[in-house]
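# Next come a sequence and a model predicted from it.
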4 protein chains.
Amino acid sequence: MKIGILTSGGDCPGLNAVIRGAVLKGTRKYDIEFIGIRDGWRGLVDADFFPLERRDVKGLSKVGGTILGTSRTNPYEGDRGGAENIKKTLWGHKIDGVIAIGGEGTLAAANRLHNDGIPMIGVPKTIDNDLRATDYSFGFDTAVNIAQEAMDRLRTTGDSHQRCMVAEVMGRHVGWIALHSGMAAGAHIICIPEVPLTIDEIAERVTDAAERGRAPLVVVAEGFKLKGQDEAYSDKGLDAFNRPRLGGIGEVLAPLIEEMTGIETRSTVLGHIQRGGSPSGFDRVLATRLGLHAADAVVDGAWGQMVAMKGTEIERVDFAEALGELNGVPMHRYEEAAALFG
Amino acid sequence: MKIGILTSGGDCPGLNAVIRGAVLKGTRKYDIEFIGIRDGWRGLVDADFFPLERRDVKGLSKVGGTILGTSRTNPYEGDRGGAENIKKTLWGHKIDGVIAIGGEGTLAAANRLHNDGIPMIGVPKTIDNDLRATDYSFGFDTAVNIAQEAMDRLRTTGDSHQRCMVAEVMGRHVGWIALHSGMAAGAHIICIPEVPLTIDEIAERVTDAAERGRAPLVVVAEGFKLKGQDEAYSDKGLDAFNRPRLGGIGEVLAPLIEEMTGIETRSTVLGHIQRGGSPSGFDRVLATRLGLHAADAVVDGAWGQMVAMKGTEIERVDFAEALGELNGVPMHRYEEAAALFG
Amino acid sequence: MKIGILTSGGDCPGLNAVIRGAVLKGTRKYDIEFIGIRDGWRGLVDADFFPLERRDVKGLSKVGGTILGTSRTNPYEGDRGGAENIKKTLWGHKIDGVIAIGGEGTLAAANRLHNDGIPMIGVPKTIDNDLRATDYSFGFDTAVNIAQEAMDRLRTTGDSHQRCMVAEVMGRHVGWIALHSGMAAGAHIICIPEVPLTIDEIAERVTDAAERGRAPLVVVAEGFKLKGQDEAYSDKGLDAFNRPRLGGIGEVLAPLIEEMTGIETRSTVLGHIQRGGSPSGFDRVLATRLGLHAADAVVDGAWGQMVAMKGTEIERVDFAEALGELNGVPMHRYEEAAALFG
Amino acid sequence: MKIGILTSGGDCPGLNAVIRGAVLKGTRKYDIEFIGIRDGWRGLVDADFFPLERRDVKGLSKVGGTILGTSRTNPYEGDRGGAENIKKTLWGHKIDGVIAIGGEGTLAAANRLHNDGIPMIGVPKTIDNDLRATDYSFGFDTAVNIAQEAMDRLRTTGDSHQRCMVAEVMGRHVGWIALHSGMAAGAHIICIPEVPLTIDEIAERVTDAAERGRAPLVVVAEGFKLKGQDEAYSDKGLDAFNRPRLGGIGEVLAPLIEEMTGIETRSTVLGHIQRGGSPSGFDRVLATRLGLHAADAVVDGAWGQMVAMKGTEIERVDFAEALGELNGVPMHRYEEAAALFG
């Protein structure tokens, strides 16, 4: 049996651990021959393949990034794209199926290819933890730890200077990283895309923390929007609101908070460091297990399914389950956290 | 409402986060008055109480250990112990109930006190992750991360000297820390109390790794026992087996492995560093949530229950569920990991 | 003997360790009574004092920030400022002298106060390592470690996506943090204020690294300026150069590099996380030693001097030595590093 | 020009950074051809050589251990050892000289080979920081950071249980790691080989710390000996002293302290984790610079010399300077630290 394996979309700590888990179990227990596909769907379309052997995955569980490379190519685009071309490429190389490791876009493409007759197994990957089909996704825990550690550092600066610190974390559509890192670091307000807040609500929490002698910590997901941001704020006559802005939401909030509360406020964008580097223990174990179970799924012929974490176990779910609505922070989880600051 | 809170048994990263979560929610939302009980059951028996206010829990989510102190006292022992004495003490101080944070022994005592008429809420604490009632317990993730990081370090030494490294981790009765840290660090064999192995099986894995050019990494839980340890090994004529031994199982295995494989072998006992220091993000969030829900349980009068993690949610379960059989590593989880090395 | 102690200027890991070192030695060996001065010169001018006792410095060596608070006030400004007012305040509180911990501005003010008759001892503090009077200053090593760790993370992302990563670190006037963190992380080009480079020189190094299959890492100190930045680049017709820019130099370089090399380029500003959090071992030891020696200097009446690191020893130097020209990266040190990439 | 390079003795974080520094500068600036010598002197004697090219040192500055391997072989022993045999081997492979990276034993052997006509350059390596010829040696800073972090963890356990914690660190002959990590972690007593103490002196410091409400932290270098250990203690009638002991000095001290003070005492041996893993920023920079300067020394024909750190610069010193008396902790440095606890 000959199986291709690819990683697609943004990189994420744990990708290499998935690859290692699949290859170790696949080669040793099932005698599967693995083919590495370079740079996600791009390599599948271009037949950019190489033999992926046991020795190639040596020591990979702790290595960040992906040895396969990644890209954001769509396999249905381009001259050589589309299911028919890809089928010819795969059959030409005698490849029996493909393990695709990626986020919602990747899994949607894998689903379509599967429906078009190409045997696909999926492994969900999202640093934002926004896929409904899995309790947790690898990379998320590492990102929370990095964000939390950075916030621990920001707090000592805030305390020394009696400043408000704004930390912008990843999360374009969902607020999981902000919610968990903010809870872990003791944030005084957490701003997530699922729960729009007015600048007054935020300023109130900042003032309240400052009055208790704390240096306020505001954690904001990059996708957060102020309630009524586009209409109401011009009315307030806030200077900061009318300045030109090139940065993200952190850069929007910091001057607004400073102007409304009178407290010196600094913003830090954690950025790419959240998705790089060696995975946490949780992510190494989760990713390794997903890889192991992906190899099982291949030999079971469970095509059209992906492996996912449910409670403490790894299960199989249909691609469809992972698609559609994102797994946002539900209101009861936000309210649970808000009891700490709200 | 006036509620006592205590921590009992071995310390564990996240205890302070539980205390902070309960106090913040309890004081702000429910107007509960908290009483800190010093050094576990010892302080309950001795009425060693102090007011625990919001400002006392400031910044605690990241602080290891427990500000309440802890001990291994049994509340039913001693002149002032026993349910009747404790009742008098509590009613004398107008304390309406107690939140007890602890492991199996603590929860068993809390259950008995509850049955004897003292209102108790439990919060499960076990660095070993050995309680059936909760999917994961706080402290475990931090211990896995510390162990894994130490093993990453041991591996570079092993590689440079072509040595076999034996890492002994915590786990007197169950092998969860060994299983997860061993998977995370890429161990070549994981030895846990639930799965006795012969020294030949271990030596074979070590030799196999060395032959593939790897420096073998053996991870062993402190409670692991060799299969037939007490009978069979004297027959083998292994010198190392007959030496006097004061150390733990790592000290037993290292010279046996060296003698059987001819590979220089060193043992390291990770020891107390696994249970100290600042909690990981996962543990801070889990512990904080357990504290928040313990405050809810108090106002709901859910006496005789404990809060526990199920999937991604915090639920309530009866004390009884946490007691009895320990949550050992099930065979399918060991076999899953063994696919990486077995 | 009664001695005031203050911290002034930007916060820096190790400030608390200096305070602890001075207070422990001063109280136990010399029977000095310490007075904490809040928020730097501001507290001195406003007589914002409090008794600073042994128990107040407990466990402080590992705590980031400063328990004294800090500000950027000038002691010669305001109604209550100036040497005569401050003298009255100090004599009124029977304070015999002041230990001032701060950077060039603080030490210049301390020098002037000393010349105006106020007994002052200085402790040099600069996260940028830019004071001539000391071989290394505390906080610098911590900043380098944080920056390096962030770059290790950025590299895995760069490798996975075949991107050029630009990391902007602190250093408004000198490039020490960029030089050391860049050497430590294996940067392909290091851009510091002392050595202007053209965008062509930078792009060449980026292209060269990419051609060898590496994901280029560009480390840039915030104070770096492109050679001929303001004149020449408009001639190049680079679109990126003509865009409005609100961010720092990293935001300037990234689009220029992308446009010139055709390699996707991302910029990350490490920002405030570089100066917060628990100090490294090197900084804890250095800061503690400076504190111990500041107490010695007080009892020796070495007013007008500061304590400084020379080789492996702590010595005393005149304030004047710390002032004037900054300690920039000398050309031979830049060339030494450039051998790695130049 | 063709140069061999080897690492010898115990492994140490930074070895790979030295190799990378030498190879990058040597190949790019000087056109030196490098030959990797496997496992220290063993590989030199056995002609176990391989071409070491630029691509082989890619990304090595952050990798612990040594890609060359190491051993404790003596080049003057065995059938194929000795200067004349080694000369033949080197000339046979047209190797013009050797860079030897190692500790006192390695440098002594290199010195003898140099005197016997083999061109040698040395790079000092000692995790214990015990070589007189260099202000600091790489690996030491990493070890101090690891030890300090472990002690930070031990302290939270000590505080929770009101226990005395004994941490045994490396340092068979000198106490630098104990001194610096103990200062950094706020130890209540530091025990080093250079300063024998009686058990009464140690117990007094432990009791004093406990009386002030602290959990005592005792840091002990593995080479520490109690004053009068072998004679006097049998007189004291201490049970703990007469027990059989297989462990190190930490295992000796813990029961003695417990018996004399009545305070529960636990011992942890940090062991091999101190010398493994990714180097700190300080060590990466120092090791890289030593490698760069070793390449310079080769082209300058500075045979018989080693590169060393003096203040902030790298200089050359004769092998002889590194040999002879070890660089122990001088009394004034111990007394400086003792002001914190003595």
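Structure received.
# Tell me where the stretch 51-200 of chain A has helices.
Residue ranges of the helices in the stretch 51-200 of chain A, as given by DSSP state H, counting those that start in this stretch, are A:83-92, A:104-115, A:140-161, A:176-185, A:199-211.
# Show me which residues of the first one are buried.
Using 16 or more other Cβ atoms under 10 Å in any protein chain shown as the test for burial, helix A:83-92 gives A:83, A:85-86, A:89-90. No exception for glycine: its C-beta is placed from N, CA and C like everyone else's.
# Could you point out which of the residues you listed is nearest to chain D?
Here the nearest of the buried residues of helix A:83-92 to chain D, counting by Cβ to the nearest Cβ, is A:Thr89; it sits at 30.9 Å.
# Skipping adjacent residues, who's closest to that closest one in space?
Distance criterion Cβ to Cβ, 6 or more residues apart in numbering or on different chains; nearest residue to A:Thr89, sequence neighbours excluded, is A:Ala47 at 5.0 Å.
# Phi first, then psi, for the one you found.
The main-chain torsion angles of A:Ala47 are listed as degrees, to the nearest 10 and equal phi 60, psi 40.
# Could you list the alpha-carbon positions for the helix or strand where A:Met309 lies in CSV?
Taking DSSP states H and E as the definition, A:Met309 sits inside strand A:305-310. What follows is strand A:305-310, C-alpha atoms only, in CSV (Å, rounded to 0.1, in the frame of the first residue of the first chain):
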residue,chain,number,x,y,z
GLN,A,305,-13.3,10.4,7.4
MET,A,306,-11.0,12.3,9.6
VAL,A,307,-9.6,11.4,13.0
ALA,A,308,-10.6,13.7,15.9
MET,A,309,-10.4,14.0,19.7
LYS,A,310,-13.5,13.3,21.8
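# hmm, who's touching it?
A:107, A:121-124, A:133-137, A:286, A:289-290, A:293-294, A:297, A:314-319, A:322, B:311 (Cβ atoms under 8 Å, 6 or more residues apart in numbering or on different chains).
# same question, stretch A:109-120
Outside stretch A:109-120, the residues that touch it by Cβ under 8 Å, 6+ apart are A:8, A:41, A:74-76, A:83, A:86-87, A:90, A:96-100, A:102, A:122, A:301, A:303-304, A:319-320, A:323.
# now do 6 Å
With Cβ atoms under 6 Å, 6 or more residues apart in numbering or on different chains as the test, stretch A:109-120 has contacts from A:75, A:83, A:97-98, A:100, A:122, A:303-304, A:319.
# now do stretch A:37-52
A:4, A:6, A:8, A:34-36, A:69-71, A:73, A:75, A:80-81, A:89.
# export those residues to TSV and tack on pLDDT?
Formatted as TSV, the contacts of stretch A:37-52 follow (pLDDT from 0 to 100):
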residue	pLDDT
A:Gly4	98
A:Leu6	98
A:Ser8	97
A:Phe34	98
A:Ile35	98
A:Gly36	98
A:Gly69	96
A:Thr70	95
A:Ser71	92
A:Thr73	91
A:Pro75	96
A:Arg80	91
A:Gly81	93
A:Thr89	96
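# Separate out the buried members of those residues.
For these, a burial check counting by 16+ other Cβ under 10 Å picks out A:4, A:6, A:8, A:34-36, A:69-71, A:73, A:75, A:81, A:89.
# Now find how far off-centre the helix or strand just after the strand holding A:Met309 is within its chain.
Proceeding N to C from strand A:305-310, the next assigned helix or strand is strand A:313-318, under DSSP H and E. Counting by Cα atoms, centre = their mean, to the nearest Å, strand A:313-318 is centred 19 Å from the centre of its parent chain.
# again, but for stretch A:313-332
Remark: stretch A:313-332 is offset 14 Å from the chain centroid, using Cα atoms, centre = their mean.
# Could you pull up the mean pLDDT of that stretch?
Mean pLDDT, taken over the full extent of stretch A:313-332, equals 92.
# Which positions within that stretch qualify as buried?
Along stretch A:313-332, the positions that meet the burial threshold by neighbour count (16+ other Cβ under 10 Å) are A:314, A:316-317, A:319, A:321-323, A:326-329.
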